[in-house]
Each structure stands twice: as structure tokens, then as C-alpha cells.
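Peer 1: generate a structure from the sequence data that follows.
(4 chains)
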Protein chains: 2
Amino acid sequence: MSLSTPVSEIPDIVISRLPIYLRTLRLLHTQKAEVTSSQELGQLLGLSSAQIRKDFSHFGEFGKQGTGYNVAYLCTQLEKILKVDCIWPVILVGAGYLGHALASYHGFEQRGFRIVGVFDNDPAKIGSQIGAVIVEGLDAMPAAIGQQRCQIAVIAVPATAAQRVAELLVAAGIKSLLCYAPIKLTVPSSIRVEYIDPVIHFQHMTFYLEKACVND
Amino acid sequence: MSLSTPVSEIPDIVISRLPIYLRTLRLLHTQKAEVTSSQELGQLLGLSSAQIRKDFSHFGEFGKQGTGYNVAYLCTQLEKILKVDCIWPVILVGAGYLGHALASYHGFEQRGFRIVGVFDNDPAKIGSQIGAVIVEGLDAMPAAIGQQRCQIAVIAVPATAAQRVAELLVAAGIKSLLCYAPIKLTVPSSIRVEYIDPVIHFQHMTFYLEKACVND
DNA sequence: TAGATTGTTAATCGATTAACAATC
DNA sequence: TAGATTGTTAATCGATTAACAATC
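Peer 2: Presented below is the predicted three-dimensional model:
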């Protein structure tokens, strides 16, 4: 019989809300708010105050009865819980328009991430500078991942290349993937994959819209 | 007492899976698969076969016992349900790197969407061509939305401008917004808003990663 | 026919909410 | 103190799953 207690098993859906809470708290902080409440946060986010208190309760007690939460302190705590109280190196594969947009975006660092390498197989792109880095060939990727101890990668290549790139990234030691290609990647179950596909959002919207579109 | 029966109330979480099903069915179709089953779809998507059958059952009976689903037929049905059996015009605000990437992407049309206008207030961008359209000033936006009967808009401007842009879009008659700025928009409850923020995904990932990042 | 798979029901599981004692 | 708000419990709500009759 193992002496260790089972992991307290915080629901993933709770984890998925923490970055949203953090983003809102950071905003309140820049607006010089010193304290907030579960009710105020709920109103800002369209959630119930009960849900916000319940979510926080999985990690500790961060508030004071009658007063609410200290904004700066709660920010710090959420950053620790999410492990974004530091800067994570991120590898980007794909130096097309999307890769360019991602590598040029200045909003990552203040939220805990830095794109430390951009890789592409197009000879026309290799050697060019985007953002703060020089585009390198895919063959240079594994060494870069190892040197930077990089665990996160972004896939911004066409759908036809995405699965192959994912396999190269996993082989090189990447643990989490953010995939912009509109396909489901097949990777070992230990690898976390998240997806961004604007068409999925569009098609969700159209269900609720009145149909008034051009025939094709 | 009203004679109308209550709307059958299909859960939004079911709707949110339909575009994923459609994407996978389209893939099977290009791979010349003629039939599939809830079990096969489930395996491809990491869902249970029961969930897939349950989801479909909200909309009708699309399969045959013993045989499964005709891929082409199920595609057509899902396209009708989601109302993407046509092309929806989409307005894009923001002609930075991200706007450029979106306007240049060739994958929208085959999935039911076309960017018919790009708007920005930067004089250096107005008049330049990206994708198939010419960037226009924001003042030209309301008329374009009216002329195209456009109900969907994408916000790809900096966070500081996003709320103001959202208000202009809503005033011009837009019904659904896809927001790439990392903020929560405040809009009337009749307006649907969806968000894309890669940092939210990164911060979700880091919770599960071993911490090994650079101090800042 | 025998095998396979659907559509649907009922059971289970998990997430959200309401309520309130504790307490700042 | 009186008012406000937390953290937590129990109740409610809703989504997923298991099971199976129907049937191709």
C-alpha cells in the first residue's frame, strides 16, 4: 500500500478558468484597484460569485471575510499556481504570415512567455529576422529545444505539414503543443495539445445567426 | 397561454462539438471514406461513441444500424445544421501582422467564410492590398457592413482599441464577434462574442508542466 | 441468419449554485 | 456593532456513459 495520498485532482475546467481570472486581475491592478470581490470579478467575467470562490478554494484561502481579495496578492498567487511567475521559452514552427504575427507580438513576455526560436523549411525564409529571432531550418530545431530546455511549441504550418512537425517536436522533447493547423494531432498521451482554429468559432456562431449568406 | 412549444434547447456544448465533427468528416471524405461509425469518429477525436451518437440525436437520425454513417451525407447534414452550406461574409478590423495573416489565409472559403473587408485607422495601411481586399479606414466600415449584410466581424486590433472597435461594430449591425485582443468585451447580451488568446492556452499548459523557466 | 451499429433510456458522474456560519 | 464577504456544505442541475432493444 502506497503511503502517498492521491493527488487532490483539481478539475481541468477549473484550471482553464485561472488564466482568465489572472488576466482580469492584472487589468484591475493596472487600474489601481487594491481590492476586489468574488462578486465584482463575477460581474466582469460573466460568472457567478459562488463559482469564483469555489474555484479559488481548490488552492487555498486568498480573501478576507467582509473585505474581499487583495488584487496584487491574488495575482501573485495565481501566477504561482499557474507557474507563470517567470518566463517560459517557446519554440515556433512556421514562418508564414501567422508565424510572423506570433513572433512579432509584444504581449507574450509580460504574461510569462518568450518566443526563443522560429523554424521553417522554406529556404526563402531561413536567415530572415522576425521579431527578435532569426528563422532557422527545421534541422536546427532539436538542438535549440535541448539548449533552451524548451517544453512548449507552437505549430503554425499548413495542415498538411502539421502532423509531421508535431512528431519532430515530440521527438525533440517538447511536452505541450499549441496547434494552429485545423487538424487533430496524434501524439503520445503524455503530450498536451491545445488548438486554435478560428473557423471552429465562426461555425459555432453561424448556428445562432439568421441565415443570410451568399450561395456557393 | 402560448400555443408555441418551448424551443427544444440544444445544449451549447453540443453545438460547440459540431464544427469538430464536420472537420473530421471532411477529412474522412477527402480520404475517400464512404462510411464511418460513432466508434471510428470517437477514436479519431478522443470522444466516446455514445457521446457522438447522443450529440447527433439532437438533430435527427443520420445513421443506419449495423452500417454506421454515410460520410458525405453526414457532412451535408452538419453543414445545414451549422448553416455553413454557403459562404458568410466576414469583416476584419485591424491590418497589423495578425490581420494580414487572417486576410491572407486561404482556408476560410472552403469552410464557409470569406473576408470581404479589412479596416484600420493607420493611414500607412489604408489603401494597401492584403489578401483579396484593399484596407479601408474605419469610417468606411458601417457602410460596408450594411452593403454586404455582414453579421460576423473579427477584431484584430491592440487591446487598448478593442472595446471601442467592438462598439462601432455593434452599432453598425454586427451580431457575432471573434476577438483576438486579450480582454473581455462588454457588448449587449444579444451579441455573441468568442475569444482567441494564445496566452490563455500557454498558461493552461504550464499548470501541468514541470517548472523550468527563466527568472525575470 | 449472424454480426454490427444505431438511437435512446436510465444510471452515473461531475459541475454549478444557493445558502449560511464564520469572521473581518 | 452592523454590514459585507469569504470559504464551504449540501442541493441542484446538467452532461456523460453504459446498456440494450431495434434493425440494417
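Peer 1: distance of the residue most central in space within chain A from chain B?
Peer 2: Nearest residue to the geometric centre of chain A (CA atoms, centre = their mean): A:Leu178, 7.4 Å. Using CB to the nearest CB, to the nearest Å, A:Leu178 is found at 5 Å from chain B. No exception for glycine: its C-beta is placed from N, CA and C like everyone else's.
Peer 1: wait, that residue touches A:Ala162, no?
Peer 2: No. Assessed by CB atoms under 8 Å, A:Leu178 is found out of contact with A:Ala162, at 11.5 Å.
Peer 1: overlap of the contact sets of the two?
Peer 2: A:Ile155 (CB atoms under 8 Å, 6 or more residues apart in numbering or on different chains).
Peer 1: quick check: domain ranges of chain A?
Peer 2: For chain A, automatic domain parsing gives the domain ranges A:12-82, A:88-197.
Peer 1: save those domains as JSON lines, and put in distance to B:Glu40 too.
Peer 2: Output for the domains of chain A, formatted as JSON lines (distance: least, CB to CB, whole Å):
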{"stretch": "domain A:12-82", "distance to B:Glu40": "26"}
{"stretch": "domain A:88-197", "distance to B:Glu40": "13"}
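Peer 1: export those domains as TSV, with columns for mean pLDDT and distance to B:Ala166.
Peer 2: Converted to TSV, those look like this (pLDDT from 0 to 100; distance: least, CB to CB, whole Å):
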stretch	mean pLDDT	distance to B:Ala166
domain A:12-82	98	15
domain A:88-197	97	18
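Peer 1: A:Ile52 and A:Leu41 touch, don't they?
Peer 2: Yes. In this structure, A:Ile52 is within contact of A:Leu41 by CB under 8 Å, at 5.3 Å.
Peer 1: among the two, which residue is more densely surrounded?
Peer 2: A:Leu41 (24 against 20; other CB atoms under 10 Å in any protein chain shown).
Peer 1: can you give me phi and psi for the more buried one?
Peer 2: When read as degrees, to the nearest 10, the backbone of A:Leu41 gives phi -60, psi -40.
Peer 1: and it, what does it touch?
Peer 2: By CB under 8 Å, 6+ apart, the neighbours of A:Leu41 are A:Tyr21, A:Thr24, A:Leu25, A:Leu47, A:Ser49, A:Ile52.
Peer 1: please identify which of these is nearest to chain B.
Peer 2: A:Thr24 (6.9 Å; CB to the nearest CB).
Peer 1: quickly find the element holding the closest one.
Peer 2: helix A:12-30 (DSSP states H and E).
Peer 1: how near is the nearest residue to A:Glu109 once chain neighbours are set aside to DNA strand D?
Peer 2: Nearest non-adjacent residue to A:Glu109, counting by CB to CB, 6 or more residues apart in numbering or on different chains: A:Ile87, 6.4 Å away. From A:Ile87 across to DNA strand D, the span is 29 Å (CB to the nearest atom of the strand, to the nearest Å).
Peer 1: cool, and A:Val193?
Peer 2: Taken as CB to the nearest atom of the strand, the span from A:Val193 to DNA strand D is 18 Å.
Peer 1: now do that residue against A:Ala181, distance only.
Peer 2: 11 Å (CB to CB, to the nearest Å).
Peer 1: higher neighbour count, those two?
Peer 2: Higher neighbour count among A:Val193 and A:Ala181: A:Ala181, with 23 against 18, using other CB under 10 Å.
Peer 1: what ranges does chain A have for its helices?
Peer 2: In chain A, helices defined by DSSP state H lie at A:12-30, A:38-45, A:49-57, A:71-82, A:97-104, A:141-148, A:159-171, A:198-208, listed in chain order.
Peer 1: the last one near chain B anywhere?
Peer 2: Spelled out, that is helix A:198-208. Yes. Using CB under 8 Å from any CB of the partner chain, helix A:198-208 comes into contact with chain B via A:Pro198, A:Val199, A:Ile200, A:His201, A:Phe202, A:Gln203, A:His204, A:Met205, A:Thr206, A:Phe207, A:Tyr208.
Peer 1: before we move on, back to that, give me whichever of the domains of chain A is most buried.
Peer 2: Most buried of these by mean neighbour count (mean count of other CB atoms under 10 Å in any protein chain shown) is domain A:88-197; its value is a mean of 19.
Peer 1: now the end-to-end length of it.
Peer 2: In domain A:88-197, first residue to last residue: 23 Å (CA to CA, to the nearest Å).
Peer 1: with stretch A:87-105 instead?
Peer 2: End-to-end distance (CA to CA), stretch A:87-105: 15 Å.
Peer 1: and if you look at stretch A:190-200?
Peer 2: 25 Å.
Peer 1: could you give the separation of it from the chain centroid?
Peer 2: From the chain centre to the centre of stretch A:190-200 is a distance of 10 Å (CA atoms, centre = their mean, to the nearest Å).
Peer 1: show me what that stretch is in contact with.
Peer 2: Contacts to stretch A:190-200, defined as CB under 8 Å, 6+ apart, come from residues A:166, A:170, A:174-180, A:182, A:184-185, A:187, B:19-20, B:23, B:102, B:107-108, B:111-113, B:154, B:178, B:196, B:198, B:201, B:204-205, B:208.
Peer 1: give me that answer again for 7 Å
Peer 2: Here stretch A:190-200 makes contact (CB atoms under 7 Å, 6 or more residues apart in numbering or on different chains) with A:170, A:175-180, A:182, A:185, A:187, B:19-20, B:108, B:111, B:113, B:178, B:196, B:198, B:201, B:204-205, B:208.
Peer 1: stretch A:70-90 too?
Peer 2: A:18-19, A:21-22, A:25-26, A:28-29, A:33-36, A:59, A:62, A:109, A:111-116, A:148, A:150, A:152-154, B:203, B:206-207, B:209, B:211, B:213-216.
Peer 1: ok, 6 Å please
Peer 2: Contacts with stretch A:70-90, where a contact means CB atoms under 6 Å, 6 or more residues apart in numbering or on different chains, come from A:18, A:22, A:25, A:28-29, A:33, A:35-36, A:59, A:62, A:112-116, A:148, A:150, A:152, B:203, B:206-207, B:211, B:213-216.
Peer 1: how about the residues of chain A by DNA strand D?
Peer 2: A:37-39, A:49-50, A:53-54, A:56-57, A:61-69 (CB under 7 Å from any atom of the strand).
Peer 1: residues contacting A:Ile145?
Peer 2: A:Ile91, A:Ala172, A:Gly173.
Peer 1: now the residue nearest to it when sequence neighbours are not counted: how far from A:Pro188?
Peer 2: Nearest non-adjacent residue to A:Ile145, counting by CB to CB, 6+ apart: A:Ala172, 4.4 Å away. A:Ala172 is 13 Å from A:Pro188, where distance means CB to CB.
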